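**Q** Quick one: sequence and predicted model below, then my questions.
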Amino acid sequence: MTKAELTHFDTEGRAQMVDVSDKAETSRIAVAEGYIKMSLQTLEIVNEGRAKKGDVISVARLAGIMGAKQTAALIPLCHPLPITKVAVDLVADASLPGLRITAEVKTKGQTGVEMEALTAVSVAGLTAYDMLKAVQKDMEIGAVRVTLKDGGKSGRFTAP
């Protein structure tokens, strides 16, 4: 891909916010996923509700929702969007071991919500880390990616 094909750069390579004023308003959805790996002992603390800062899954879910709503304030070239739905789920997975995180974001607008879904997953993972760092500092947040995007001119994308 050349600089001219990258929508966040002008013809001289300077960063720019994409002009979406002529784009059609459509229903849009994005789903993202990721994880936070931890020891089985730390995961037991989560599952048993023994984290000193409180219910890790509930707080991380709420933080993810809040993060999605703040995406335009965090990512310089993102448009502020009228988000119509944010759902964040954290599921304990002993085979990881850790928490699998998913986020679904919807809007009706002129641009997609992939960045909001990615931000929701990232903030949820960071919040879980913050709540558990007293018992384990080497946790790993990873594999954050968009798994579904639909709506708009480019249509549907589903990750393989």
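**A** That came through fine.
**Q** now the longest helix seen in the chain: mean pLDDT?
**A** Longest helix of the chain, by residue count under DSSP state H: helix 114-132. The pLDDT scores in helix 114-132 average 98.
**Q** And it, what does it pack against?
**A** The elements that helix 114-132 packs onto, with contact taken as 3 or more CB pairs under 8 Å, 6 or more residues apart in numbering; DSSP states H and E, are strand 26-37, helix 40-47, helix 56-69, helix 71-74, strand 83-93, strand 98-109, strand 140-150. From N, CA and C alone the C-beta is placed, and that goes for glycine too.
**Q** List the contacts of the fifth one.
**A** Taking CB atoms under 8 Å, 6 or more residues apart in numbering as the criterion, the residues outside strand 83-93 that touch it are 35, 43, 46-47, 56-57, 60-61, 64-65, 68-69, 98-108, 113, 116, 120-121, 124, 128.
**Q** Quickly run through the sheet partners of it, with directions.
**A** Strand pairing for strand 83-93, determined by DSSP bridges: strand 98-109 (antiparallel).
**Q** Give me the buried positions along the partner strand.
**A** 98-107, 109 (16 or more other CB atoms under 10 Å).
**Q** Return the angle between stretch directions for it and strand 26-37.
**A** Counting by axes from the mean of the first three to the mean of the last three CA atoms, to 10 degrees, strand 98-109 lies at 170 degrees to strand 26-37.
**Q** Strand 98-109: how far from the chain's middle?
**A** For strand 98-109, the separation from the chain centroid amounts to 6 Å (computed by CA atoms, centre = their mean, to the nearest Å).
**Q** and that strand, average pLDDT?
**A** Mean predicted confidence for strand 98-109 is 97.
**Q** So what touches stretch 41-55?
**A** Stretch 41-55 has contacts (CB under 8 Å, 6+ apart) with 38, 56-57, 59, 92, 94, 97-99, 128, 130-132, 134-136, 139.
**Q** burial count for residue 29?
**A** By the criterion of other CB atoms under 10 Å, residue 29 has 19 neighbours.
**Q** mind listing what it touches?
**A** The contact partners of residue 29, taken as CB under 8 Å, 6+ apart, are 104-106, 113, 148-151.
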